[in-house]
Structures are given as structure tokens and as C-alpha cells.
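K.L.:
my questions are about this predicted structure, shown below with the sequence.
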Amino acid sequence: MFLEIVLLLVSCLLYMYYVITKQFGFFKDIGVPFSTPSFPFGSSSCKKMFLGQIPLMAVDEEMVKNEFPKEKVFGFFILGQPNFMINDEDLAKRVLIKDFDYFVDRRTFDTYDTFTKAFLTNLSGTEWKQMRSLMSGVFTSGKLKLMANHIDKVGKNFEKYVSIQAREGNEIDMKVAGGLMTLDSIASAGFGIEVDSFAEPDNTFRKMALTLVGAPGYRSSFENLKIFFLAILPKLGKFLKITFLNKVATSFFSDIISKTYKRRMETGEKRNDIIDVLVEELKSSNKNKSQTYESDFEKDAAIDTSGFKDIKDIGYDEETLLIANALLFFFAGFETTSTGISIICHKLAIFPDLQEKVYNEINDIIGDCKDVSFEQLQEMKYMDMFISECCRYQTIIPALERKCVKDYVVPGTDIIIPKGRYVKVYTKDISNSEDNFKRAKEFDPENFAPENNPNKFGMMIFGQGPRNCIGMRYALLTIKMTIVYLLRKHRVLRSGKTTDVLVPDIKNFNVFKDGVFMKFEKRF
């Protein structure tokens, strides 16, 4: 029996070795420079990441800076999968915008879970185009204006929380505080649920939310391995019925959304939240709609919607599409928005003179108004510049990934990216280029002043092109409301735990190594 077990283990190891190493000659055969791989992790920077030596977000930068600083195109391996890396601004524009038809898809997770499969981000080809077209109608300025009052109520709770922390002199981790604000905003504006996580941080909704997104203390190391497994061996993952999201948390939220949806269908109740808007868009998806663009960012994201049929023709019923994309709205928006809030608050504390400029604009526009309106937030141009500079200067995601859907000849070269291969576009150097921003090496909101001609393509935090972040406007609405209710009566101060530089945590890329601590002080 012992011998049989040993033989089985050896056979499994040999098979794994074959699967991982069989493509190691891919880039050599096509004449593309590449980062040398080794079994089992792949290229050296990927190996360091898997061994816990560098954070996930440092993998791309290490290859670009240490191995191929002058190569526009090179290759690397993650486990046994060959990937291309683009490190050139003109090529980046082609992949993300100009030649988008070659790079329509992103990495998908073909899991056993019905809702994950219906995520907008997990759809491809025509199915994705149909759903993207529908979801674009959810986040227009007109729809967000209707949702703003829900977020405003949460902002008032946040202001009370800040007042208590200021009075007691507490040091607060703004990743946690930003998470409370983001969570309650999504609960109200997204799910139609009124909670006050500032007063009751241990409520069931928050616990399930943190479980869903895998927040620190709610995520096992197995979760990371599961995601990599699904990405590299999707068919086996589906066969083993491995799900992308936590089953308990998914069941909790899908049940809430389903009951809310059915109740509103029966009663006609409306709150003008994400559920209402999604239902409205689903019901009108087969109607021809004229496309309008509120910015160049949106114009670059436009897709041809001619000839589209009803969205339900992709094979999902209305309720499934509603639950899936409400879950995605939560999953994708929670950590990213709370991280953005923490970065912005860190810069407010580090640069008190700039904080006062933001405050003065808030005071000039809001004045003695008790409520904060959507229109007032749109007037805050300096705040817009400050937020954009925080996102540019503190790059969170240094590269964007796309999937090549048909053979692509890289312009100016004889390199062919074959259909089915993944391409990463390194964007950090674009955001830090002095050709794109007047004082690119320094933190200066004036980098985004119109008179300084900022390069719109240099702002990468929300992606670029048709696959950009569709919830950008909602995220900015939440962030701006947070800043208003934080600063209108209080100052953000450095504390004993405030670090000069925010360093990503190796174990969890959604948090910073030493936290984002600060204190609050009452203004008057």
C-alpha cells in the first residue's frame, strides 16, 4: 500500500512538472526576450511573490525595473503560463484603446458558481459588450444624482464618528474607517439596506461583507491559492466545483438581493438605488439608446452596440443578472474605494497646507448647508485635482491585463501575440512620466490643472478604454462625500503611527503594511 501511495504522488508530481514546464520554450521559439522561468513558480519575480518575499503588486515593477528597463515587449511566466508585458506608452494606447478589437477580453474564471459566471468582468466577447452597454446606463450622472442622498446620510454618520474620535483623541486606521463609510454607502445606495457600521461595527451585514471580499482576519491563505488555481487550471477547478466567492457570504447577499427584487416587483416600491436602476436597465435593454459621453474617458470606452438583442439572450434570467452584478458592484467596489479613501486621507495629513485648500473649497461651496448635493460635489474642482493626484502618485495597480482574442502583430516589430495569450500593460511609468505631468516626480494637485496640460492617458487608476472601471463615477461620488464630511468640521492630523510612505502588505495587497493611521482635530 505504501509503495502505491508513493508511486501515485510521484506520478502526480511528474504530471505537474510536465504541465508547468511544457511551455517554457514559448518565448525563445518566437524570438521575444523573457524572464527565465523555473519550476514550479515561473519567472523569478513570480517566484518571490509566491514565496512571500514581495507583494503581488510589485511583481510587474520588479521585472520592468530590474530585468527589462529598455524593452517595449518582453515575456514572463507565472507558474507554467507565458504572458506578454508591454512597456511603452504608444503600444499601451493601442492595446487598451486603438486596437481594442484584438484585446476585448480579460482573464475569466470559469467556476461552478452561477453568479460569478454572470459577472460583467467575467463575460467575454459579445456577451460582455451587451452587459457593458447595459451597465453603462446604471452609472450616469443622472442616476448617481438620485443615489447621492443615500450616501449623504451615511456621510452624516461618518461625521459623528469622526467627532467622537477627535474628542477622545484616538488614532484611527483610515483603511478601516474608509471601509465603514464605503460599506454603509454600498448597503444603502446598492442594496437598499440602512445600517450604521460606525455605531455597530460588528453587525452581520459588515461581517458578511468582509468575508465576501476577503478582508484581513476574514481571509485564509487558501483563498489566494484558490484564485490562482482557478486562473491557471479553470477546467479542473470547475470539475472540482471550486467557487470564486465565499459560499456563505454569497448566499447571504444573494438572498437579500433576491428578496428585495421580488418585493419591489410586487409592491412597486422604489428607492432609486442600484437595484432599482439595474432592474430598469434590464427591462429596457432591447431598446435602441443613443450614446452620450460625459468625458473623453468615456468616449475612449465606447463600444459599438448596433445589432444587440435583449440582454437575457446571453442565457441568464433577469434575477440572476441582477444578483450577479449587484454582487460584483459590492465585491469590486468595496476594497478599491476604501483603499482610495485611505490614500487620500494619508496625503491630507502629510500635506496640511493642501488640506486647507481642499477645506476652503468645501467651505466656499457647501457653506451652512446641512445636506451635501450631487451638484455641489461636481463644483469642487480642486478636490477633483487632489483626488486624481493621490491616485496618480500612489499607484496601486502598476499594470492592466487583457486577453488577445485574435493574432496581433505588434506595430513596428515582427512579434506576433497569438490568440488566447494574456498581455499585461505596464502603466506606472506612464503615470510618472514628466512628458505627461508637469511635476511628475512630486505630489502636486496642480499636475491636473487644465493649464498644465495633463495627459488624460496618464490617469490609470480606473483603467483605460472600453474595459475601464464602469463604477468610476460611483466610487468618486463616495470618496468626495467622505472628504466633505471629514473636513468640513475637522482637520486630519499625523499621529505617532503615521508613516511617510504607504507600503503594500506582502500577505494582503488590499492593505498597507503599517496601516494608515491618523488623528482628527475639531476645527471650531
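P.N.:
Right, received. Where do you want to start? Residues are numbered from 1 along each chain as shown.
K.L.:
report pLDDT for Ile311.
P.N.:
The model reports Ile311 with a pLDDT of 65.
K.L.:
likewise for Ala324?
P.N.:
88.
K.L.:
before we move on, what about Asn455?
P.N.:
92.
K.L.:
how near is it to Asp435?
P.N.:
8 Å (Cβ to Cβ, to the nearest Å). Using the backbone N, CA and C atoms, a C-beta is placed for each residue, glycine as well.
K.L.:
tell me which of those two has more neighbours.
P.N.:
More neighbours surround Asn455 than the other of Asn455 and Asp435, with 15 against 9 (other Cβ atoms under 10 Å).
K.L.:
nearest residue to the more buried one other than its sequence neighbours?
P.N.:
Among residues not flanking Asn455 along the chain, Asn436 sits closest, at 3.6 Å (Cβ to Cβ, 6 or more residues apart in numbering).
K.L.:
tell me which element the one you found is part of?
P.N.:
Taking DSSP states H and E as the definition, one finds Asn436 inside no helix or strand.
K.L.:
now do the contacts for it.
P.N.:
The contact partners of Asn436, taken as Cβ atoms under 8 Å, 6 or more residues apart in numbering, are 430, 454-455, 457-458.
K.L.:
same question for the helix or strand where Ile151 lies, mean pLDDT?
P.N.:
In this structure, Ile151 sits in helix 141-168 according to DSSP H and E. Averaging pLDDT along helix 141-168 yields 95.
K.L.:
again, but for stretch 69-84
P.N.:
94.
K.L.:
got it, and stretch 254-264?
P.N.:
Mean predicted lDDT for stretch 254-264 stands at 89.
K.L.:
residues making contact with it?
P.N.:
115, 191-193, 269-270, 275-276, 279, 319, 322-323, 326-327.
K.L.:
can you give the distance of the lengthiest helix in the chain from its chain's centre?
P.N.:
Taking DSSP state H as the criterion, the chain has its longest helix at helix 318-350. Mean-position distance between helix 318-350 and its chain equals 7 Å (Cα atoms, centre = their mean, to the nearest Å).
K.L.:
which residues does the helix or strand following that helix contact?
P.N.:
Counting by DSSP H and E, the next helix or strand C-terminal to helix 318-350 is helix 352-366. With contacts defined as Cβ under 8 Å, 6+ apart, helix 352-366 is touched by 347-349, 372, 376, 379-383, 386, 445, 483-484, 487-488, 491-493, 523.
K.L.:
among those residues, which ones are in helices?
P.N.:
Using DSSP H, the contacts of helix 352-366 in helices are 347-349, 376, 379, 381-383, 386, 483-484, 487.
K.L.:
sorry, back to before: kindly reformat the contacts of stretch 254-264 as JSON lines containing distance to Ser11 and neighbour count.
P.N.:
As requested, these are exported to JSON lines (distance: Cβ to Cβ, whole Å; neighbours: other Cβ atoms under 10 Å):
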{"residue": "Phe115", "distance to Ser11": "36", "neighbour count": "25"}
{"residue": "Phe191", "distance to Ser11": "49", "neighbour count": "23"}
{"residue": "Gly192", "distance to Ser11": "54", "neighbour count": "22"}
{"residue": "Ile193", "distance to Ser11": "51", "neighbour count": "13"}
{"residue": "Glu269", "distance to Ser11": "60", "neighbour count": "11"}
{"residue": "Lys270", "distance to Ser11": "60", "neighbour count": "14"}
{"residue": "Ile275", "distance to Ser11": "51", "neighbour count": "23"}
{"residue": "Asp276", "distance to Ser11": "56", "neighbour count": "20"}
{"residue": "Val279", "distance to Ser11": "52", "neighbour count": "18"}
{"residue": "Glu319", "distance to Ser11": "45", "neighbour count": "16"}
{"residue": "Leu322", "distance to Ser11": "46", "neighbour count": "23"}
{"residue": "Ile323", "distance to Ser11": "42", "neighbour count": "25"}
{"residue": "Ala326", "distance to Ser11": "45", "neighbour count": "25"}
{"residue": "Leu327", "distance to Ser11": "40", "neighbour count": "23"}
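K.L.:
the strands in this protein, which residues?
P.N.:
37-38, 42-43, 73-78, 81-86, 172-173, 399-403, 408-409, 416-417, 422-426, 490-493, 517-522 (DSSP state E).
K.L.:
just name the most buried of those.
P.N.:
strand 42-43 (a mean of 25; mean count of other Cβ atoms under 10 Å).
K.L.:
so which elements touch that strand?
P.N.:
Contacts defined by 3 or more Cβ pairs under 8 Å, 6 or more residues apart in numbering; DSSP states H and E place strand 42-43 against strand 73-78.
K.L.:
which helices and strands does the strand it packs on pack with?
P.N.:
Secondary elements touching strand 73-78 (3+ Cβ pairs under 8 Å, 6+ apart): strand 42-43, helix 44-50, strand 81-86.
K.L.:
shaky segments in the stretch 201-350 of the chain?
P.N.:
For the stretch 201-350 of the chain, the stretches with pLDDT under 70 are 219-241, 285-302, 304-314.
K.L.:
circling back to that earlier point, what's the helix holding Ile151 packed up against?
P.N.:
Helix 141-168 packs on helix 174-191, helix 274-283, helix 374-379, helix 472-487, strand 490-493, strand 517-522, going by 3+ Cβ pairs under 8 Å, 6+ apart.
K.L.:
before we move on, the earlier item: what subset of the ones in helices among the contacts of helix 352-366 is buried?
P.N.:
347-349, 376, 382-383, 386, 483-484, 487 (16 or more other Cβ atoms under 10 Å).
K.L.:
Gly465 is in contact with Phe100, correct?
P.N.:
Yes. In this structure, Phe100 is within contact of Gly465 by Cβ atoms under 8 Å, at 5.5 Å.
K.L.:
the two: which has the busier surroundings?
P.N.:
Gly465 (23 against 20).
K.L.:
quick one: low-confidence ranges for the stretch 1-150 of the chain?
P.N.:
Using pLDDT under 70, nothing in the stretch 1-150 of the chain is flagged.
K.L.:
can you give me the helices for it?
P.N.:
2-21, 26-30, 44-50, 59-66, 89-93, 114-117, 125-136, 141-168 (DSSP state H, counting those that start in this stretch).
K.L.:
distance to Thr478 added to these, as a markdown table?
P.N.:
Shown next, in a markdown table, are these (distance: least, Cβ to Cβ, whole Å):
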| stretch | distance to Thr478 |
| --- | --- |
| helix 2-21 | 42 |
| helix 26-30 | 42 |
| helix 44-50 | 31 |
| helix 59-66 | 28 |
| helix 89-93 | 28 |
| helix 114-117 | 23 |
| helix 125-136 | 18 |
| helix 141-168 | 6 |
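K.L.:
between these, which one is closest to Ala449.
P.N.:
helix 89-93 (21.5 Å; Cβ to Cβ).
K.L.:
now do the buried residues in that closest one.
P.N.:
Residues 89, 91-93 are the ones in helix 89-93 that count as buried (16+ other Cβ under 10 Å).
K.L.:
which residues sit against it?
P.N.:
72-73, 86, 410-411, 425-427, 430, 433, 457, 464.
K.L.:
would you turn the residues you listed into TSV with distance to Cys404?
P.N.:
Shown next, in TSV, are the contacts of helix 89-93 (distance: Cβ to Cβ, whole Å):
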residue	distance to Cys404
Lys72	16
Val73	12
Ile86	11
Val410	11
Pro411	14
Val425	12
Tyr426	16
Thr427	18
Ile430	20
Ser433	26
Phe457	21
Gln464	17
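K.L.:
from Val32, how far off is Ile396?
P.N.:
Distance from Ile396 to Val32, by Cβ to Cβ: 28 Å.
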